[in-house]
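> Here you go, sequence then predicted model.
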Amino acid sequence: MAWTEERVEELKKLWSEGHSASQIAARMGGVTRNAVIGKVHRLGLSGRAAPAKPKTVTTEVREAVATAAPERERRAPVRSVLRDLPPIGDFGSDRLTVSSIGTDQCKWPIGDPASEDFHFCGQSAGGGKPYCAYHAQLAFQPSTSRSARKERTAPALPRPIRAVS
DNA sequence: CCCTGATTCGC
DNA sequence: GCGAATCAGG
């Protein structure tokens, strides 16, 4: 399909409106996003109105802090949602560190990260999941009823104080 | 893996 | 001029 005058106009319009090359290609048909990009360059209009202002990192942090709920609200009422999976016992004498833990081992942190004996749960997680069955139910709590959501606006933070062993 | 635009180069 | 292939980045 050729770049007729009409199609070029359409391209200019869509591009200036901020559509991506693939979006334009899909909308106009008969061309790939590569064709669109190529044409855009040949037309010399590669520069576009900035869709998003470049935020500084410190700005983002400030916004995140301002938006975040207080600590008490972010904590989930873990105990009330626990089902019947028991914590699994000691996994041995080896302490799993950040570098020694495997991909299929539970990454639930145990202890004080600043402390020497800080380690991870290490139970089998499986399926590329981050936690074992027990800790998964602590970390990923279902957001079901509206009333339940009132009590908790965000998922629980994995922050156990004491070792589970 | 999904996506983005940028560039190269044979056609 | 065109655009597929490729690259670099998110």
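Received it, and whenever you're ready, just let me know what you need. Numbers count the residues shown, from 1 in each chain, chains lettered A, B, ... in the order given.
> Next up, the contacts around A:Gly126.
Contacts for A:Gly126 were tallied using C-beta atoms under 8 Å, 6 or more residues apart in numbering; they are A:Asp104. All C-beta spots, glycine's among them, are computed from the backbone N, C-alpha and C.
> whoops, I mixed them up, A:Val31
If you count contacts by C-beta under 8 Å, 6+ apart, A:Val31 has them with A:1, A:25, A:39.
> 6 Å instead?
Counting by C-beta atoms under 6 Å, 6 or more residues apart in numbering, A:Val31 makes contact with A:Ala25.
> Secondary structure element holding it?
Per DSSP states H and E, A:Val31 falls between elements, in no helix or strand.
> Mind pulling up the pLDDT for it?
On the pLDDT scale, A:Val31 is placed at 96.
> do A:Ile24 as well
Taking A:Ile24 on its own, its pLDDT is 96.
> residues near it, how many?
Applying other C-beta atoms under 10 Å, we find 22 other residues in the vicinity of A:Ile24.
> quick one: is the strand or helix carrying it near DNA strand B?
Using DSSP H and E, A:Ile24 sits in helix A:21-28. Yes - contact of helix A:21-28 with DNA strand B (C-beta under 7 Å from any atom of the strand) involves A:21-23.
> Out of the residues you listed, which end up buried?
A:Ala21 (16 or more other C-beta atoms under 10 Å).
> between the residues of helix A:21-28 next to DNA strand B, which is nearest DNA strand C?
A:Ala21 (9.7 Å; C-beta to the nearest atom of the strand).
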